[in-house]
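Q: I'll drop the sequence and a predicted model, then ask my questions.
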Amino acid sequence: MNLLLTISAVFSCFVLYFLFSMTRHARRRRPVRATRSLAGGVVSGALGSASILLAFSYYGYGRLVEEQRVSQIEFTQSAPGEYTARVMIDGEIDRVLALRGDEWQMDARVISWKPPATLLGLDPIYQLDRLSGRYSDIDDEMTEKRTVHALSEELTLDVWRVARKFPVLLPGVDAYYGTATYLPMADGARFEVTLSRTALLARPVNDAARAAVGDWDR
């Protein structure tokens, strides 16, 4: 991140230089040189903005080096078809969220890089997106009340949104995709969620969770 902020500062200096140069040439009625300075300022500004965007997104997202644990989740049944989920995300305060249904689903965003971004040594980054309740029966999924909770705050400068809307501005983005995992909910069940470079994975870690997954498989 410090490297990206340094690059942003350098390009900001270029912008100021080209702005001063454009103003000077315009006063001396040199339209061709003024236009060149304007073009240089626009390019420098775009590159500087991209560096700032990457820096803040890199701070707001987690680094994905290898398959790693990103969360644990534990369920307590409060009523038929209703559960309380204790979500334990590494490095954050635990959250207690209400879910409806008989299954839970966690979604994440993943961004990987290609040159020139890889030349900066950037690792893939991720952000847990949301946790939702779901129903195994399709008819219930369409008619019953659904619940969904955000697991991250919207970033003011978000490389994910920029890559989707203006891909030409971020040539260093190789892929940006969503990944999700879902398993059944059960009273006392506890699961571990890990993320690899290709997928979000959930595994049972206690007997209640293993029993729920065993019944679900059948």
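A: Thanks, I have it.
Q: I'd like to know how far Thr76 sits from Ala189.
A: Using Cβ to Cβ, to the nearest Å, Thr76 is found at 9 Å from Ala189. C-beta: built from backbone N, CA, C; applies to glycine.
Q: then Gly81?
A: Gly81 is 15 Å from Ala189, by Cβ to Cβ.
Q: who's more crowded, these two?
A: Ala189 (26 against 16; other Cβ atoms under 10 Å).
Q: give me the pLDDT for that one.
A: For Ala189, the model assigns a pLDDT of 96.
Q: once you drop chain neighbours, what's closest to it?
A: Ala209 (3.9 Å; Cβ to Cβ, 6 or more residues apart in numbering).
Q: what pLDDT, on average, does stretch 211-218 get?
A: Stretch 211-218 comes out at a mean pLDDT of 76.
Q: do the same with stretch 72-92
A: Here the average pLDDT along stretch 72-92 is 93.
Q: how about stretch 192-202?
A: Mean predicted confidence for stretch 192-202 is 88.
Q: can you get me the start-to-end distance on it?
A: Taking Cα to Cα, to the nearest Å, stretch 192-202 runs 6 Å from one end to the other.
Q: buried residues in it?
A: Of the residues in stretch 192-202, 192-195, 200, 202 count as buried by neighbour count, 16 or more other Cβ atoms under 10 Å.
Q: domain map for the chain?
A: Here the domain assignment for the chain is 2-60, 63-217, based on automatic domain parsing.
Q: in terms of mean pLDDT, which of the ones you listed ranks lowest?
A: When I compare the domains of the chain, domain 2-60 is least confident, with a mean of 62.
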